[in-house]
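Participant: Pasting the sequence and the predicted model now:
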Amino acid sequence: MQFLKTLRIVRLLRLFRLFRLLKILRVIKHRYGREKAARELLKINLQIYFVAFILLTIVFSIILFHIEEGVPGTQIRTIQDAMWSVMSALSSVGFGNAFPASFVGKLFLGFVMIVGVGFLSFAILTLGRFFQMLIFGEEIAQELEEFKSSKRRFAKKHRHLLEEEKHR
């Protein structure tokens, strides 16, 4: 009889083991879901940058074409010339095959170049993050988070030294 009670306890231990296994599976599922969601978010960001690049090219080309329309000596005679000039300015290539002749056109193309540098910097960062996650997974992100938390712990531990340095 005592032996049967012992077997019931073993069954309870199996149940606890099952709960622990389910918890581990939930953690794995959550982690996998988070990585997948982050990848999808990066893909969406890249798609947004691509569509935005096309829209900016079209809008800036139309504006540049109308600025340069009728200006004597301009190399931007068609909308295709304006599009080529804007694409080279937005992508920071700067071929210089077709450039505006008017001062306002040159100012506008300078503005387009500045927008292109800012736009491309965000796009390149997103693309780099995408390839980083694709190649290394979450390892790099975890190492970065561990580094940040160790930096915070160090700053918290040695706050008095930082405050003394400020008062000097």
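Facilitator: Alright, I've got the coordinates. Numbering: from 1, shown residues only.

Participant: Per the annotation, how does this protein divide into domains?
Facilitator: 2-137, 139-168 (automatic domain parsing).

Participant: Return the member of those domains having the minimum mean pLDDT.
Facilitator: Of all the domains of the chain, the minimum mean pLDDT falls on domain 139-168 (a mean of 68).

Participant: which helices and strands sit right next to the helix or strand hosting Ser121?
Facilitator: In this structure, Ser121 sits in helix 103-136 according to DSSP states H and E. Packing partners of helix 103-136 (3 or more CB pairs under 8 Å, 6 or more residues apart in numbering; DSSP states H and E): helix 2-68, helix 79-90. All C-beta spots, glycine's among them, are computed from the backbone N, C-alpha and C.

Participant: Do I have it right that Asp81 meets Gln75?
Facilitator: Yes - applying CB atoms under 8 Å, one finds Asp81 in contact with Gln75, separated by 6.5 Å.

Participant: Would you mind listing the residues touching both of these two?
Facilitator: Residues touching both Asp81 and Gln75 (CB atoms under 8 Å, 6 or more residues apart in numbering): Ala98.

Participant: Those two: who's more crowded?
Facilitator: Comparing Asp81 with Gln75 by other CB atoms under 10 Å, the one with more neighbours is Asp81, at 20 against 16.

Participant: Please list all residues in contact with that one.
Facilitator: Asp81 sits next to Phe65, Gln75, Ala98 when contact means CB under 8 Å, 6+ apart.

Participant: Verify the stated contact: the first one with Gln80.
Facilitator: Going back to what we said before, that points to Phe65. No - Phe65 sits out of contact with Gln80 when judged by CB under 8 Å, with a separation of 9.4 Å.

Participant: Tell me which of those two has more neighbours.
Facilitator: Phe65 (20 against 12).

Participant: So what's the residue count around the spatially closest residue to that one that is not a sequence neighbour?
Facilitator: With CB to CB, 6 or more residues apart in numbering as the criterion, Phe65 has its nearest non-adjacent residue at 4.0 Å, and that residue is Ala82. For Ala82, the neighbour count with other CB under 10 Å is 28.
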